[in-house]
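Visitor: Okay, predicted coordinates and the sequence, questions at the end:
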Amino acid sequence: MTFDELIAKIRKKASKVDVSEADFLAVQVNISGDDGGVFYVEVKDGKISVEPYEYNDRNCAITMNMTDFNKLIDGKLDPILAFSTGKLKLEGDAGKAIEFSKILKKK
């Protein structure tokens, strides 16, 4: 999967998620490796945005490789397990990262 395909996948998944009751959330996702890049997911005013840019005022940033991130968003990798085994690196507010993982699990 290319980075652009990943962004399209995240946008499609995000379009199906109800975030009308969610608090503000800004998570930067760093995909490591040759097929990597940076994007952010922002929940604001009941809408979710996914953009291929860095987010300077983010709540947190996570770093993963493409394969593990795909497993995470497909529900095949638990975020807590990914963090504890070093597959997911976190910088910033862990509570917001958990909130982000709950949004990813919604369908």
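Guide: Yes, it's here. Being a predicted model, the structure only gives us computed values, none of them experimental.
Visitor: Spatially nearest residue to Asp57, not counting backbone neighbours?
Guide: Leaving aside its sequence neighbours, Asp57 sits nearest to Ala26 (C-beta to C-beta, 6 or more residues apart in numbering; 6.6 Å). (Glycine included, C-beta is placed from N, CA and C.)
Visitor: who touches that neighbour in this structure?
Guide: By C-beta atoms under 8 Å, 6 or more residues apart in numbering, the contact list for Ala26 reads 40-44, 55, 57-59.
Visitor: In its sheet, which strands sit next to the host helix or strand of it, and in what direction?
Guide: Per DSSP states H and E: Ala26 is located in strand 25-32. Using DSSP bridges, strand 25-32 pairs in its sheet with strand 37-44 (antiparallel), strand 60-65 (parallel).
Visitor: Of those strands, which is nearest Asp74?
Guide: Ranking those by proximity to Asp74 (C-beta to C-beta) places strand 60-65 first, at 12.9 Å.
Visitor: what comes up buried for the strand or helix carrying Gly95?
Guide: Assessed by DSSP H and E, Gly95 sits inside helix 94-105. By neighbour count with 16 or more other C-beta atoms under 10 Å, helix 94-105 contains the buried residues 96-97, 99-101, 103-104.
Visitor: cool, and stretch 42-55?
Guide: 42-43, 48, 50, 55.
Visitor: distance between the ends of that stretch?
Guide: By C-alpha to C-alpha, to the nearest Å, the extent of stretch 42-55 from end to end equals 9 Å.
Visitor: what's in contact with that stretch?
Guide: Under C-beta under 8 Å, 6+ apart, the answer for stretch 42-55 is 3, 7, 10-11, 14-15, 17, 19-28, 37-41, 103.
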